[in-house]
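[1] no sequence for this one, just the structure:
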């Protein structure tokens, strides 16, 4: 039997970072990185932006060139995992291979949530999660005229901005009453709705999709509950993701809105840890209702957890407590978010949205919980430092542009 070392299931940003960080931390044993996509591990965020606009090619989005893996003795395995044999400490692959492990890291990520309406299987209906998805969409953008985006989340709005920049007619349908409803404050939602409308995008809010229409097996329109059919040469669906927890659940690991881990990213099995989009972990930033665990869909969170886990597996044990932060690029607008706010948290504006450079500070019972910034990176960086400790800032200070926020860092 081959040497049992560390096996990482999932070759996305988190899985890659775990492998790289283990070597950086001095781990010298066998290290296997298993992914079910062909090619080298790559970054996903550029797929809806720079890669889609052909401003970056495959070489620019690969996390490292091929030589890196050979130099660092990281074995890349392109295969789909079918089961975790916990008693035997083996990861079973579709091709019949059984990879022994001394420790298994689950970095299984998430998959697109499917659209549950008639016509979802028509040709011309796309999702965006993988490089193959992006390549297919780029091909359609080269010839299509009318684009319908279902879902006004980050992926939907980022793609809409690209499609508008390329001159397409774009309609965005959102079932909620505002864009980015799950992620940002009503004030920030209003700003981005106005910004996309100014780009020429047609936004239809409160629009429940009831079906997709087609001719000859290809989509031609999207029907909403009010009886409107929105013409489409193709459709992008961006209605969220589903964590990939099935292997963990089948192996008897605890699953509750993600693979449940402790503060050290360990599962109930001491030989298995987990990180990234599929993981529910305890966090002091948990937003509401007595919740102790959160599951974040964030490249930065996955990378931070990977580094923390690599430290633990090489002897430097400390709980994971990184400040969560996120970003989204839409046309010339860079949205940066730090912290986690609940829907009921109050909002304080700093700056003028009309200037396209402003922030929204979120508070709960007078305590800072999050900052949302547009084209204002200094506020974002300050928020990361404040939230790393006990944030000593009042709503009045946040609203007062004459107040020097940096002075808070000395306290």
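    Received it, and whenever you're ready, just let me know what you need. The model shown is predicted, which means the values in this text are computed figures rather than measured ones.
[2] So which residues of the stretch 201-350 of the chain form helices?
    246-250, 299-313 (DSSP state H, counting those that start in this stretch).
[3] in the longest one, what counts as buried?
    So the one you mean is helix 299-313. Using 16 or more other C-beta atoms under 10 Å as the test for burial, helix 299-313 gives 299-313. From N, CA and C alone the C-beta is placed, and that goes for glycine too.
[4] The first one too?
    Residues 247, 248 are the ones in helix 246-250 that count as buried (16+ other C-beta under 10 Å).
[5] so what does it touch, helix or strand wise?
    Here helix 246-250 touches strand 81-85, going by 3 or more C-beta pairs under 8 Å, 6 or more residues apart in numbering; DSSP states H and E.
[6] who does the helix or strand just after the strand it packs on pair up with?
    Next helix or strand after strand 81-85 toward the C-terminus (DSSP states H and E): strand 90-93. Paired with strand 90-93 in the same sheet, following DSSP bridges, are strand 81-85 (antiparallel), strand 98-106 (antiparallel).
[7] Using CSV, please lay out the helices of the stretch 201-350 of the chain together with distance to residue 74.
    Formatted as CSV, these follow (distance: least, C-beta to C-beta, whole Å):
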stretch, distance to residue 74
helix 246-250, 21
helix 299-313, 13
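[8] would you turn those helices into a markdown table with distance to residue 222 and mean pLDDT?
    What follows is the helices of the stretch 201-350 of the chain, written out as a markdown table (distance: least, C-beta to C-beta, whole Å; pLDDT from 0 to 100):
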| stretch | distance to residue 222 | mean pLDDT |
| --- | --- | --- |
| helix 246-250 | 30 | 98 |
| helix 299-313 | 30 | 97 |
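[9] by contact count, what packs against the helix or strand harbouring residue 379?
    Per DSSP H and E, residue 379 falls inside helix 377-388. Helix 377-388 makes packing contacts with strand 333-339, strand 367-374 when contacts are defined by 3+ C-beta pairs under 8 Å, 6+ apart.
[10] among those strands, which is the most enclosed?
    Of all these, strand 367-374 carries the top mean neighbour count, a mean of 24, counting by mean count of other C-beta atoms under 10 Å.
[11] ok and that strand relative to strand 333-339, angle-wise?
    Calculated by axes from the mean of the first three to the mean of the last three C-alpha atoms, to 10 degrees, strand 367-374 forms an angle of 170 degrees with strand 333-339.
[12] Partner strands of strand 367-374, with direction?
    Its sheet considered, strand 367-374 pairs with strand 333-339 (antiparallel), strand 357-364 (antiparallel) by DSSP bridges.
[13] Check the offset of it from the chain's centre.
    19 Å (C-alpha atoms, centre = their mean, to the nearest Å).
[14] Kindly report the same for stretch 39-46.
    13 Å.
[15] Quick one: mean pLDDT over it.
    Mean per-residue pLDDT for stretch 39-46: 94.
[16] Can you list the buried residues in it?
    Within stretch 39-46, the residues that count as buried by 16+ other C-beta under 10 Å are 40, 41, 42, 43, 44, 45, 46.
[17] Ok, stretch 343-351 next?
    345, 347, 348, 349, 350, 351.
[18] Which ones among the residues you listed lie within strands?
    Taking DSSP state E as the definition of strands, the buried residues of stretch 343-351 contribute 347, 348, 349, 350, 351.
[19] mind listing what the third one touches?
    What that stands for is residue 349. Counting by C-beta atoms under 8 Å, 6 or more residues apart in numbering, residue 349 touches 187, 358, 359, 360, 361, 399.
[20] top of those residues by neighbour count?
    In terms of neighbours by other C-beta atoms under 10 Å, the contacts of residue 349 top out with residue 361 at 30 neighbours.
[21] right, and that one touches residue 396 too?
    No: counting by C-beta atoms under 8 Å, residue 396 is not a contact partner of residue 361; they are 10.7 Å apart.
[22] circling back to that earlier point, which of the buried residues of stretch 343-351 sits closest to residue 372?
    Lowest distance from residue 372 to the buried residues of stretch 343-351 (C-beta to C-beta) belongs to residue 347, with 8.6 Å.
[23] how much space is there between the closest one and residue 398?
    Taking C-beta to C-beta, to the nearest Å as the measure, residue 347 and residue 398 are separated by 10 Å.
[24] Contacts for stretch 231-241 next, please.
    110-115, 120, 124-129, 137, 140, 143-151, 153, 155-156, 159, 171, 212, 219-222, 277, 297.
[25] Which members of those residues are classed as buried?
    Listed as buried from the contacts of stretch 231-241 are 110, 112, 115, 124-129, 137, 140, 144, 146-151, 153, 155-156, 159, 171, 212, 219-222, 277, 297; burial here means 16+ other C-beta under 10 Å.
[26] shaky segments in the protein?
    1-2, 287-290, 410-411 (pLDDT under 70).
[27] so what are the domain limits for it?
    Split into domains by automatic domain parsing, the chain comes to 5-111+242-313, 114-239, 332-410.
[28] With distance to residue 320 as added columns, please give those in JSON lines.
    Below are the domains of the chain laid out as JSON lines (distance: least, C-beta to C-beta, whole Å):
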{"stretch": "domain 5-111+242-313", "distance to residue 320": "4"}
{"stretch": "domain 114-239", "distance to residue 320": "22"}
{"stretch": "domain 332-410", "distance to residue 320": "13"}
